[in-house]
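Engineer: One predicted model, sequence on top.
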Amino acid sequence: MSKKREWLIQMRKESGMCFKEIAKELDITTQAYWYIENGNRRPSPELAQKIGELFKFDWTKFFDKESS
């Protein structure tokens, strides 16, 4: 079973952005972003970098065992 990425959910909430705005910024669907945030899908390294830049965090966090 997947594990929600609570840290990513918190960053989204703090940013004040909605799923649609984030997806548009990342050039992906809102559903794709939802899957990433809810732990159903791991982003590609390229997408992880974009998300890291958007929210100002180390994108490799997606690939840590504890955070993925």
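Structural biologist: Cool, the structure landed.
Engineer: where's Arg42, which helix or strand?
Structural biologist: Secondary structure assignment for Arg42, by DSSP states H and E: no helix or strand.
Engineer: And for it, the neighbour number?
Structural biologist: Number of residues near Arg42 (other C-beta atoms under 10 Å) recorded here: 15. Where C-beta positions appear, they are placed from N, C-alpha and C, glycine not excepted.
Engineer: Let me see the residues that make contact with the helix or strand harbouring Trp7.
Structural biologist: Assigned by DSSP H and E, Trp7 falls within helix 6-15. Contacts of helix 6-15 with the rest of the structure, by C-beta atoms under 8 Å, 6 or more residues apart in numbering, involve Phe19, Ile22, Ile36, Glu37, Ile51, Leu54, Phe55, Phe57, Lys61, Ser67.
Engineer: if we go to 10 Å?
Structural biologist: Around helix 6-15, the neighbours that count as contacts under C-beta atoms under 10 Å, 6 or more residues apart in numbering are 5, 17-19, 21-22, 33, 36-39, 51, 54-57, 61-62, 67.
Engineer: how much does the helix or strand just after that helix deviate in direction from helix 6-15?
Structural biologist: Remark: after helix 6-15, the chain's next helix or strand is helix 19-26, criterion DSSP H and E. Put simply, helix 19-26 runs at 100 degrees to helix 6-15, going by axes from the mean of the first three to the mean of the last three C-alpha atoms, to 10 degrees.
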